[in-house]
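>>> Sequence isn't available, so here's the structure alone:
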């Protein structure tokens, strides 16, 4: 999932040609080794080193401590023959940041680890049991100069290290759509039959409309992320400075949306399992819920990732608090904050929105202003508090990981929820004219419902921060349009379920095992043949 995209992203023409042929012919199996025992998502703090030796033009890779051991990479435990290894590059005593090296770790004939390589499977895990997650410790492993993936800069280039992280972001973006895809499958399984019979209870209609709205907003968000990823890759060589801006925005969003979508998916899966476990057990898809319980930690711990998003959001707050509100330099996804920056004076967001009962709160512009104001209020206050801690001499690491950790993560959650609404709406507006009227109405209702429910969930804090003015009718002003939107969406639930275009073998919602057997029969026969061939070959390659 990350090896090939990273090769295509960072490899030069010669490297891509060589390794693409090897991979296509399955002569090598690739893995992606970034995470270490001490650090994973915090790429700058990785400890593995790659020291250039000019005597023979090789890099010498080492794991200098126990905490620098690579731990958890998928495919590393048993199958990977080659990996892309992230390590700090040192040339003539000078550090050039974390770079990506494509290295061989196992002999292609015996499958034994090479000299200087200690590698194996990590053993039992909480989830993700199908994957051979592994560990890797390197001791004076020499690799040729060509192991350094260097599409952007040669050795010594001042920007050489800045693109090394791009490959992982492709995987992070994938998790955004993966989570909503799996959730939509479970939703179709547990509610599909009831939807077809028009037999949903009022409680189920409410929950259905909430979940399906989250799913479609996730699709829009993923679309925006992939557009940004393409802008990043397209501009890497032609305009490196602009590429770095796209990379920064992409990292901020991917680091936030992976946990945001993951937490939401786990919450909804838990509710669906609790209410509809019969269908899930009969179809065998209960494992989706089981696997997602490990989603909080793999490919980046959720809390650490949220902190990384918050770090960039606090930079936005600093710009907004200290600038003349022109040319803030915020990325496109944060443009809703730039639009509200005119209401910031003396480092604080001054506007308190009054909701007129005669005016419908269920408007895109109103919701965006409330969510944006909420982020600005929280962010500017936290920015001020953070600065005071620093002025008092507190260590930044203590502020970040102890004193203000919860507030920092809460800010990131608020920001991602607001961005989710903003960019989903932008993507919807781009496609609106190409949609059928009915599709447009349903999707707009879903977006509005997502926004209003986000406000409702955070209403106490929104009122406490004076983002909107309290009134006796405010709760009803929120609940009335929410109820109308839920009713409208649930009345079209059969149409929406069908629009997901699931194949019958993806769902098995009616225990149609005959259909399943017929569908997979041809693939099963091929799989058996492949398995027999692989097993005989693997037996000669490995002692396992």
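Yep, that arrived. These figures come from a predicted structure and were not determined experimentally.

>>> Just say helix, strand or coil for the residue nearest to residue 65 when sequence neighbours are not counted.
Closest residue in space to residue 65, ignoring its immediate chain neighbours: residue 47 at 6.3 Å, by CB to CB, 6 or more residues apart in numbering. Yep, even glycine has a C-beta here, placed from its N, CA and C like the rest. Assigned with DSSP: H, G, I helix; E, B strand; the rest coil, residue 47 falls in the coil class.

>>> Buried ones in stretch 99-108, by neighbour count?
Buried residues in stretch 99-108, counted by 16 or more other CB atoms under 10 Å: 99-106.

>>> between the residues you listed, which is nearest residue 305?
residue 100 (20.2 Å; CB to CB).

>>> Let me know the average pLDDT across the helix or strand hosting the closest one.
For residue 100, the element it lies in under DSSP states H and E is strand 94-104. Throughout strand 94-104, pLDDT has a mean value of 90.

>>> The next helix or strand after that strand vs strand 94-104, what angle?
With elements assigned by DSSP H and E, the helix or strand that comes after strand 94-104 is strand 117-121. Inter-element angle recorded for strand 117-121 and strand 94-104: 60 degrees (by axes from the mean of the first three to the mean of the last three CA atoms, to 10 degrees).

>>> what pairs with strand 117-121, and is each one parallel or antiparallel?
Strand 117-121 pairs in its sheet with strand 134-138 (antiparallel), by DSSP bridges.

>>> buried residues in the partner strand?
Buried residues in strand 134-138 (16+ other CB under 10 Å): 134-138.

>>> who touches that strand?
31, 33, 48, 61-63, 69-73, 75-78, 80, 83, 85, 105, 116-122 (CB atoms under 8 Å, 6 or more residues apart in numbering).

>>> Now do the same contact list for the nearest residue to residue 458 once chain neighbours are set aside.
Distance criterion CB to CB, 6+ apart; nearest residue to residue 458, sequence neighbours excluded, is residue 374 at 6.5 Å. Residues counted as contacts of residue 374 (CB under 8 Å, 6+ apart) are 414, 418, 458, 461-462, 465, 467.

>>> Mind telling me which residue is nearest the centre of this structure?
Taking CA atoms, centre = their mean, the centroid of the chain lies closest to residue 258, which sits 2.9 Å from it.

>>> ok, it touching residue 305?
Yes. In this structure residue 258 lies within contact range of residue 305 using CB atoms under 8 Å: 5.8 Å.

>>> for stretch 464-484, what is the average pLDDT?
Averaging pLDDT along stretch 464-484 yields 91.

>>> Same question for stretch 68-82.
Mean pLDDT, computed over stretch 68-82, is 90.

>>> Show me which residues of it are buried.
Within stretch 68-82, the residues that qualify as buried are 68-82, counting by 16+ other CB under 10 Å.

>>> For it, measure first residue to last.
End-to-end distance for stretch 68-82: 19 Å, by CA to CA, to the nearest Å.

>>> State which helix of the chain is the longest.
helix 240-283 (DSSP state H).

>>> Packing partners of it?
In terms of contacts (3 or more CB pairs under 8 Å, 6 or more residues apart in numbering; DSSP states H and E), helix 240-283 is packed against helix 166-196, helix 202-235, helix 286-292, helix 302-322, helix 405-432.

>>> now the angle from it to helix 302-322?
Using the same axes, to 10 degrees: helix 240-283 against helix 302-322 is 140 degrees.

>>> Sweet, I'm off.
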